[in-house]
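Chemist: Sequence and predicted structure below; questions after.
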Amino acid sequence: MCDLVVTENGSVVGTEKGRIYVKLHDEELTTFPSESLESITLMSNSTVTAYLIKQCLTKNIPILYITQNGKYLGGYRGVTTNKTSIQRAQCELFNTEFSLNFAKKIVTSKIKNQISLLYRHKNCDDISANIESMNNLKKRILFCDSIDAVRGYEGRAAVIYFRGLSKLSGEFAFDCRSRRPPLDPFNSMLCFGYSILYNQIYSLIESKGLNPFFGFFHADGDGHASLASDLMEEWRPLIVDSSILSLMRKKMIFKEQFNKDEDGGVYLNKDAIKTFRAYIQNKLFQKNHTVESVEEKKSYFDFISHQISTLIRAILQKDFSQFECMEVKA
């Protein structure tokens, strides 16, 4: 299957005789069978033919527009089944005990997965102090009586985690988490990787009938799919952060593959985008991962899909215990 990413300005994406093509000034850059197309992502000033847009809408294949640092701008999606009953039930649970329990579970699982990543890649005694501090914060979350309190502990844990992650990053070491714009190569990869994950979870949520914009933990915001942000939290270290560390250690990505713009933002070049996106996609769909609540090895995509199904069950039954988080095995 193919997730097509277009980075060349002026490219035209179309379909002809059962194949997808990408052309630049009438020169064919790539072509592949139409039935293998999963999505189209445009990171450039490019166009998609009207006929292909119609075909994608009919088959519910998303066409996404994102910036060079991975920020989602919008796109085309086919009409999915409108499961109104699920979305009404979803809205009713906002700012309730269900929301608070959801926030606690999501954040504690996220911190546990962050700790597991730091522990697996630990290369100095300093990391042990980061892990201990994060463990203490994780325990305190269980006693929070408001979502704001959970957000406070989550933010403090994130600062400590990224300090630890920087210690593991070698020549890619960074001072702090930065975005809008990212100020160094490591933060650039974090922003781009999180955007890929966000878009993938957004599509899954929508396909299952939930509303991606009705979250429980993240605050509402125009254009912000807060439920997608909620559900991606625990997957960030497992899918994106671990991929970045692996790419660096395998010498598959280099600091020379990043460009700085006039505002000081640092972004991946075309070669880095191709390498990084392919690695993330492989991480998502390889069926060789194990989590604590499931013994069978599956892909992270399968686990995320299953998790969203458990959230739907929890919403409809108004029983939070039905929702499953997916913590990595130590």
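Modeler: Yes, it's here.
Chemist: pLDDT below threshold where in this structure?
Modeler: The model of the chain has pLDDT under 70 over residues 1, 68-71, 79-82, 123-125, 289-296, 328-330.
Chemist: Who are the packing partners of the helix or strand containing Ile201?
Modeler: Per DSSP states H and E, Ile201 falls inside helix 185-207. The contact analysis (3 or more C-beta pairs under 8 Å, 6 or more residues apart in numbering; DSSP states H and E) places helix 185-207 against strand 63-66, strand 72-76, helix 226-232, helix 242-249, strand 266-268, helix 270-285, helix 300-317. Yep, even glycine has a C-beta here, placed from its N, CA and C like the rest.
Chemist: Which strands and helices lie in contact with the helix or strand that the third one is followed by?
Modeler: Going down the chain from helix 226-232, the next helix or strand is helix 235, by DSSP H and E. If contacts are counted by 3+ C-beta pairs under 8 Å, 6+ apart, helix 235 sits against no helix or strand.
Chemist: tell me how far helix 235 is from the chain's mean position?
Modeler: 7 Å (C-alpha atoms, centre = their mean, to the nearest Å).
Chemist: excluding its backbone neighbours, what's nearest Ser44?
Modeler: What sits nearest to Ser44 in space, not counting adjacent residues and going by C-beta to C-beta, 6 or more residues apart in numbering, is Asn9, at 4.6 Å.
Chemist: Identify whichever of the helices and strands packed on helix 185-207 lies nearest to Leu183.
Modeler: Closest to Leu183 of those is strand 266-268 (C-beta to C-beta; 6.1 Å).
Chemist: What residues sit buried inside that closest one?
Modeler: Neighbour-count burial for strand 266-268 flags Val266, Tyr267, Leu268 (criterion: 16 or more other C-beta atoms under 10 Å).
Chemist: from the residues you listed, which single one is nearest Ile196?
Modeler: Of all the buried residues of strand 266-268, Ile196 sits closest to Leu268, with 11.7 Å by C-beta to C-beta.
Chemist: who's in contact with that closest one?
Modeler: The neighbourhood of Leu268, defined by C-beta atoms under 8 Å, 6 or more residues apart in numbering, consists of Gln68, Pro185, Ser188, Met189, Phe192, Gln257, Phe258, Phe276.
Chemist: Please report phi then psi for the closest residue in space to the second one that isn't next to it in sequence.
Modeler: Counting by C-beta to C-beta, 6+ apart, Pro185 lies nearest to Phe258, which is 4.5 Å off, once chain neighbours are set aside. Backbone geometry at Phe258, expressed as degrees, to the nearest 10, gives phi -120, psi 140.
Chemist: Burial check on Phe258, number of neighbours?
Modeler: Neighbour count of Phe258, defined by other C-beta atoms under 10 Å: 19.
Chemist: so it bridges to which residues?
Modeler: Beta-bridge pairing for Phe258 (DSSP bridges): Leu268.
Chemist: Hmm, Asn187 and it touching each other?
Modeler: No - with contact defined as C-beta atoms under 8 Å, Phe258 does not count as touching Asn187 (10.3 Å).
Chemist: what sits in contact with each of those two?
Modeler: Val266.
Chemist: sorry, back to before: return the residues in contact with the residue nearest to Pro185.
Modeler: If a contact means C-beta under 8 Å, 6+ apart, then Phe258 has Pro185, Ser188, Val266, Tyr267, Leu268, Asn269, Ala272 as its contacts.
Chemist: Which of these sits closest to Ala89?
Modeler: Comparing the contacts of Phe258 against Ala89 with C-beta to C-beta places Ser188 closest, at 39.2 Å.
Chemist: The strand or helix carrying Arg151 vs helix 242-249, what angle?
Modeler: Using DSSP H and E, Arg151 sits within helix 147-167. Angle of helix 147-167 versus helix 242-249, following axes from the mean of the first three to the mean of the last three C-alpha atoms, to 10 degrees, is 10 degrees.
Chemist: And helix 147-167, what's buried?
Modeler: Buried residues in helix 147-167, counted by 16+ other C-beta under 10 Å: 147, 149-151, 153-154, 157-158, 160-167.
Chemist: now swap in stretch 12-26 and tell me
Modeler: Using 16+ other C-beta under 10 Å as the test for burial, stretch 12-26 gives Val12, Val13, Gly14, Thr15, Ile20, Tyr21, Val22, Lys23.
Chemist: any idea which of those is closest to Ile61?
Modeler: Ile61 lies nearest to Ile20 out of those, by C-beta to C-beta, at 10.2 Å.
Chemist: Spit out the contact partners of the closest one.
Modeler: Going by C-beta under 8 Å, 6+ apart, Ile20 touches Cys2, Leu4, Val13, Gly14, Thr31, Phe32, Pro33, Ser34, Leu37, Leu52.
Chemist: Apply the buried test to those and list what passes.
Modeler: Among those, those classed as buried by 16+ other C-beta under 10 Å are Cys2, Leu4, Val13, Gly14, Ser34, Leu37, Leu52.
Chemist: and Asn60, how far is that from Lys83?
Modeler: For Asn60, the distance to Lys83 equals 15 Å [C-beta to C-beta, to the nearest Å].
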